[in-house]
Structures are given as structure tokens and as C-alpha cells.
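S.K.: whatever this is, show me its structure:
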Amino acid sequence: MILVFGGTTEGRKAIKELEEAGNTYFYSTKTGDQQVTLHHGVRVDGAMDDHSMEQFCQEHHIRLLVDAAHPFAERLHQTVAIVAERLRIPAIRFERIFPESDEAIEWFDNLEQFTREVDGLQGKLLLATTGVQTIAKLRAMEEKGVRIMYRILPRESSVSLARRQGVSDTQLCYYHEGEDELRMLEELHPDAVLMKESGLTGGFREKVEAAKALNIRAFAIRRPVTQRTFKCVDGEHGLRRMVEKLLPEFYPLHSGLTTGTYATASALAGTIRLLRGETPAEVFVTLPNGEHIPVPVFYDDNGAYTIKDSGDDPDITKGIEIQASVVRVNNQGDTPQIDIVGGEGIGTITLPGFDYPPGEPAINKVPRQMIRENLMQIITDINPIHASEKAMPDHRQASSNISLRVTISVPEGREIAKKTFNPRLGIVDGISIVGVSGIIKPFSEEGFLNSIRKCMEVAKATGYNHVVINSGAKSERFVKASFPDFPPQVFVEYGNYIGATIKIADELAISRVSLGVMMGKAVKLAAGHLDTHSRRTVMDKVFIDTMLEEAGCNEEVREKARLMTLARELWEIVPAYQLERFASVVKNRCLEHCAPLLPQGELSILLINEDGRVF
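M.R.: Got it, this is the predicted structure:
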């Protein structure tokens, strides 16, 4: 059993990740104010001291603690560490991602140091964004002639506590999620702002940038140091993998990492070896969502390499060796350059329609970005401070203007590629390096559908009766722009199970469903394939030709479509002036098959192109 301490954005992320396991866990908050929907989780509210926490853990057979509380909840962090050591059970600290330090900030170790040492504020207006619990420590500054406004959460409990500490209503302003920090500061006109190092999810970067833009003095209290007791993660993917490691039975199926992540780890290790002469046993890869994942690495005469672990996903590339050779090259420009090339076992693109033109190695766009961004963190000394310097070593290296050539190789790639779709797609002589999120989440079909159902139930529980379904991370990012005010819970991933997801919506009496779909799945769906997995269906060019004809496209356009490799090429093949008409034809065909699955509701189709435009 797992006990999670939340009440934060990280707590919500922990809930979402743990719910996928389908096993019971406990979710604890201090006040009970946070609104969350739990299906497998059991809510526990109220503060715990070390004795009550220890008793709870013993009574409920807790075998793993997850501390996802606010970075400045020091008493709770200490209590969790004490109980973990006392009961000899592991503890995970779900930290935030913290941006790199800014020279414009005046730093203090704690509030006591700030109130004691800060100067130049007499007669000035200070906006304190450090929370209602810090008011008592700051009020003494008012006696020294500092005018203070306190920005707190618009909760009855927070307002009541502020008033009990003698704060007048005119001294209070309120934090609202998503508020424009620049506009807020312009309206209040403070001379200085005090904030905590609250990380990206705490809006720290936005506060700093707004203060800089208005030339307002910015003070910040450094976050507390994380105790050594904790195993630290700074994202939901890392949380899942750490839970899988410390409590393996909690998840029926275990996650893995993509070839893109392993290629990045190999390149990162090779660069550290080249520039620093060090050979760490693991490196921390920055994933596309900004979190850091530890990856074991190895070394030989050719450079560094990794062994791909796909978890329980039935992946043909599981267990392969992914190598990276890193060498310095001459740089004629003013900025560092990183050239990524394909070596042995990496396929070569021979047909149009991919992220890169024919002749390029089959290393997709996101993996290339990951490699470049991770290596640039070393080259230009911009690696962000990790969640805990002790738990997540800082790979920073002050370097001169360095340029590198990174060669990615997979010794078994040629043979493995014969068992994939690569030959059919025109990728020859090897495998592709792929991945969008950097992580692989395995699901059986039954498990995936159960997960969809749970997500749909959570979406309905928000009170919105409009759910937006999409295929995955990329399409979700695009469709969210069309629904900026919707809560995150109403966006549900269907993977390939479009028909089944709509049926679940009908069973739950959800009245409105917006289906976000990209061209590759859309042409399959338009042909009547409600499950778009490549194991069950492939692109039907004859059917696509009938849709192009219906849209009024001429023979030249239709001939180009007959020669295409991937459906997304249609966005380039169809002339711009006919795109709206063709998109309408595709959407109408999709509706023909999908609308009957939601007989009591309204279904709309959002067709998305590669740049995120929604038709």
C-alpha cells in the first residue's frame, strides 16, 4: 500500500499516475481543501505528526511513502523522513522542476534572514506572495515602516487565518490560477515583491519575469534542502518508474523508455566522458516535459552505450544496444553546434513524408531535439538545477564554444528492422529512433480500455459534460488550445480505441464529445476502422482517392496521393485552397461511423494538421 502526501499540482500528477495501476492507495492533505477525484485512492485529511503517521502506516500496511507536498512544507518533509527511517520503508520525494537562478533576484536562505537583513524598504510597498503561513513573521516589518500587501489563496480558511493575525482586508489580494502576473503587478504597483522558490508549477518564473519587466525589486526565499532519506523524482514519469522499482507489484505492467531516450542517454554519457573524462554509471536525461530520468550507461572503446528496457511492452527493440560516439569538430560560427548522424543499424529515409527528407537518418524530430538540448546543457553551462543536487547530480560543465558530432548506432538494427514496418515505409538498412514523451507505458487491451473508462469517469465528475478525446500527447497539446478554459481532467487519450472510447462516453451519458484526430488515424477512421492500430488496419489509398475526388481534387493531386508513404503527406499534396473542402470530406466520413455510437449526445471532429491547426 502507498501513502501519498499531496495538496499540490504534484499531488494531482501523482494521483493520475497511480490511478493507472488500478490498485488502492491513500491520498493525504492537511486541510482537505484540494478538490480531486479518486477512484482507487482513499482520501485522508488532517495534519499528521510522526506518531500518528507511524500508527497510520502500521494499521494500513503502508510499504511506500510519496511526499508530493509543497517544497516549503518543511515540517511534513521532516516527519515523512523520520517515519520512513523508523519503519524502514522507502520514501519518494516528488519535487518540482526549478528554473535556473536569475541574477535579478536577491536571495535569502529563509524568512528570518530576509526580515533581519533586507534594507531599503522603509516607506515602500512590499507584495508578499509567500503564503498565509508566513504573515506572522513578516508583520514585524510593518512596525519598521514597511507597507505590506499579502497575496494568499482565495480560501475561507486562508482569509480567516490572515484576519486572525491582524491583517486588514485592504492588505489582502488573492492568487488565481493562470492569472497574468504582469497585469497583477501593474495594478498593484508594489515597490518590491517577495516570493518563494516555488518551481515552475508554482509560477516562479512568471513572477520573476513580470518583476523584471516593471523594474520591481525581486526577493526570493531559497527552497529547503531535500533530506537524504528520499528517492527524488521531478515528474510523473519518474514517479511511476520509481514506484515500479520500490514496490514492483503495484503496477501490473511496468513502463519502459523509448529508443530516443536511450540514444540521448548514450550521447550524454559520451559527451561527459569526452569533456570531463568521467564515466558515471547513470546519467539524468531531460525528457520533453522537462523532468529528469536516470538511465544506466556503459562504456567501451567506441564511446558510450545503453541497453533498451521496454518494460512489459511487447517491443521488438527490447534489449538492444544503442551506442553513441561523440567527437569534437571545428566550429566556424559563434555558437556551439551539435551534428547528429546515423551509424550502423540506423535506418535511412528514402521516401518523403517524414520529419526529415530522403537521405537523412531515421532519427525522429523529438529524439534529435532531446539529444541537442541535453548536450547543450553541458556545453553552454545551462543545465537546470535538478530537484535535489544530492540525488540528481548536476552535469554542468563550464565549456568554451564547443561543437560536437554525435553518431548513433544500433549493432542489431539491420536484422531487427526486417521485423518492423520500416521496409514498407521506405526506411532501409536499420531501425528508427523514435519517441514523443520519452517513456513507454505498456497496457493490455483490457487494461487500456479500463484506463480510458476511469479517465472518462473522472472527466464527468468535474461537472463538465463535454469531453475532448485525443490520440496522445501531441494531439492533446494541439486541441487544448481550442479549449483554453477546460480543466485538464476532461482531456482523455484514446490511443487507437476511438470507437470504444465513444461508446464509453455514451454509457456514461456524456452529452458532448469532441474528437481530436490527426490525418494518419483520420483516414482509417473515415474508412470505418474504429480501432486504428496498425496491427488491425493500414492506410487505404483507394478509399483516400475517393475522398480526394469528392473534394474536387484533380488527377495530378490524386496521383501524388497514390505515391505517398504516410497519410500526413496529404497536408502538402492537397492544394491550400482545397484543404478546407478535403478536411470537411474526411470529417463527414468519420462522423458517419462515429456519430451513431453516441446516439444521445453531440459529437464533433477536430482534424489536426502537423502544425497544430485545427480544422
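
S.K.: what residue ranges in the protein score low on pLDDT?
M.R.: 353, 381-400, 421, 424, 443-447, 451, 534-536 (pLDDT under 70).

S.K.: is it true that residue 79 touches residue 48?
M.R.: Yes - using C-beta atoms under 8 Å, residue 79 is in contact with residue 48, at 6.8 Å. Using the backbone N, CA and C atoms, a C-beta is placed for each residue, glycine as well.

S.K.: how far does stretch 314-323 sit from the chain's center?
M.R.: Offset of stretch 314-323 from its chain centre (C-alpha atoms, centre = their mean, to the nearest Å): 24 Å.

S.K.: sort out which residues of it are buried, please.
M.R.: Neighbour counts over stretch 314-323 (16 or more other C-beta atoms under 10 Å) mark 315, 317, 320-323 as buried.

S.K.: contacts for that stretch, please.
M.R.: With contact meaning C-beta atoms under 8 Å, 6 or more residues apart in numbering, stretch 314-323 is reached by 256, 259, 262-263, 266, 302-310, 343, 408-413, 416, 419-420, 431, 433, 440, 442.

S.K.: do stretch 476-494 as well
M.R.: Against stretch 476-494 from outside (C-beta under 8 Å, 6+ apart): 37, 452, 455-456, 458-459, 461-462, 464, 466-472, 500-501, 514, 516, 606, 608, 612, 614.

S.K.: and residue 272, backbone torsions?
M.R.: phi -60, psi -40 (degrees, to the nearest 10).

S.K.: distance of the closest residue in space to it that isn't next to it in sequence from residue 407?
M.R.: Excluding the flanking residues, the one nearest residue 272 by C-beta to C-beta, 6 or more residues apart in numbering is residue 278, at 5.5 Å. For residue 278, the distance to residue 407 equals 21 Å [C-beta to C-beta, to the nearest Å].

S.K.: compare those two (neighbour count), which wins?
M.R.: residue 407 (21 against 11; other C-beta atoms under 10 Å).

S.K.: now do the more buried one against residue 339, distance only.
M.R.: Distance from residue 407 to residue 339, by C-beta to C-beta: 9 Å.

S.K.: quick check: longest strand of the protein.
M.R.: Ordering each strand of the chain by length in residues (DSSP state E) puts strand 321-329 first.

S.K.: in the stretch 51-200 of the chain, which spans are strands?
M.R.: For the stretch 51-200 of the chain, the strands defined by DSSP state E, counting those that start in this stretch cover 64-67, 91-94, 105-108, 125-128, 147-152, 172-174, 192-196.

S.K.: which one of those strands lies nearest to residue 367?
M.R.: Evaluated over the strands of the stretch 51-200 of the chain, closeness to residue 367 peaks at strand 91-94, with 26.2 Å, by C-beta to C-beta.

S.K.: CA atoms only: put that closest one into PDB for me.
M.R.: Coordinates of each C-alpha in strand 91-94 appear next as PDB, following Å, rounded to 0.1, in the frame of the first residue of the first chain:
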ATOM      1  CA  ALA A  91      10.100   7.300   0.700                       C
ATOM      2  CA  ILE A  92       9.900   9.200  -2.700                       C
ATOM      3  CA  ARG A  93      10.100  13.000  -2.800                       C
ATOM      4  CA  PHE A  94       8.100  14.200  -5.800                       C
END
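
S.K.: partners of it, with directions?
M.R.: With DSSP bridges as the test, strand 91-94 is paired with strand 64-67 (parallel), strand 231-233 (parallel).

S.K.: how close does the residue lying closest to residue 166 once chain neighbours are set aside get to residue 115?
M.R.: Residue nearest to residue 166 in three dimensions, not counting chain neighbours: residue 139, with 6.8 Å by C-beta to C-beta, 6+ apart. Distance, residue 139 to residue 115, using C-beta to C-beta: 10 Å.
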